[in-house]
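[1] coords below, sequence missing:
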Ligand SMILES: Nc1nc2c(ncn2[C@@H]2O[C@H](COP(=O)(O)OP(=O)(O)O)[C@@H](O)[C@H]2O)c(=O)[nH]1
Ligand SMILES: Nc1ncnc2c1ncn2[C@@H]1O[C@H](COP(=O)(O)OP(=O)(O)O)[C@@H](O)[C@H]1O
């Protein structure tokens, strides 16, 4: 499916800093909107229904999946997560850019549907730093942190299927890398869309 809006997909092992980076990116770029996923995971501390996620129970999630309401959905760390069609289709068709913060399974599914999607993988600088960030965030129980660290090995192995890999060592540097990728994609898209003849004419090359 081709759309006038750009679609950026950001995946990372839990704790790599994906949500913090996306939040900072959105604050800098008023033309980007993040899609709010549905999940069966329980809300953490300050999370709000409809802000970080749409929190639903499993029967409701499975009913939505059965109706074909999701572009993609996947089980991650024992919970279900999905991107609803309603959340992104209208925006992309209207020419607005959308960011999806989803796991690698969802990213690869979406790439099949939207060939022009830009896949970005965020890596932590080391395993030790990843674990420290998960502990510092303080939102997950010890068992959940162990599971996230174990899953991280499998997730990082998928980075090779992505268009870009950004290492989140120094936050500001990683944010700059993301801004650059978004900017480059917009330039590429506008170059494809603009009639070459019109551009050449404007430059007096015809
Ligand atoms: N496939 C898919 N994955 C999602 C979706 N929403 C979130 N995820 C992923 O689910 C994983 C767990 O997210 P979350 O519970 O917020 O934990 P965190 O990554 O530790 O902050 C992350 O890899 C998210 O990117 C979605 O709609 N679809
Ligand atoms: N570059 C960085 N250096 C140090 N800490 C970071 C960096 N980026 C993010 N963090 C911290 O790491 C923790 C996990 O970040 P978060 O954005 O929740 O990760 P994710 O969404 O990938 O699970 C948070 O406490 C966040 O403030």
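    On my side now, so go ahead. The shown structure was predicted, so the numbers you read here are calculated from the model rather than taken from an experiment. Numbers count the residues shown, from 1 in each chain. Ligands and ions are numbered 1, 2, ... in the order given.

[2] contacts and neighbour counts: CA atoms only from here.
    OK.

[3] Now do the buried residues in whichever strand or helix holds residue 131.
    Assigned by DSSP states H and E, residue 131 belongs to helix 127-137. For helix 127-137, a neighbour-count test (16 or more other Cα atoms under 10 Å) marks 130, 131, 133, 134 as buried.

[4] Nearest to ligand 1 among those?
    residue 134 (7.7 Å; Cα to the nearest ligand atom).

[5] Residue 87 versus that closest one, what's the distance?
    28 Å (Cα to Cα, to the nearest Å).

[6] Who are the contact partners of the closest residue to residue 17 other than its chain neighbours?
    Nearest non-adjacent residue to residue 17, counting by Cα to Cα, 6 or more residues apart in numbering: residue 168, 7.0 Å away. Residue 168 makes contact with 16, 17, 122, 123, 124, 125, 174, according to Cα atoms under 8 Å, 6 or more residues apart in numbering.

[7] for the chain, what spans make up the strands?
    Per DSSP state E, the chain carries strands over the ranges 7-11, 32-34, 37-39, 53-55, 70-76, 79-84, 97-101, 118-123, 164-167.

[8] Deepest-packed of the ones you listed, please.
    Most buried of those, by mean neighbour count (mean count of other Cα atoms under 10 Å): strand 7-11, with a mean of 25.

[9] contacting residues around that strand?
    Residues outside strand 7-11 that contact it (Cα under 8 Å, 6+ apart): 18, 92, 97-104, 107, 116-122, 182.

[10] Can you list the buried residues in the longest helix along the chain?
    The residue-count maximum for a helix in the chain (DSSP state H) belongs to helix 171-193. By neighbour count with 16+ other Cα under 10 Å, helix 171-193 contains the buried residues 174, 175, 177, 178, 181, 182, 185.

[11] Which pLDDT value belongs to the residue lying closest to residue 73 once chain neighbours are set aside?
    Distances taken as Cα to Cα, 6+ apart put residue 82 closest to residue 73, at 3.9 Å, once the chain neighbours are dropped. In this model, residue 82 is scored at 97, pLDDT.
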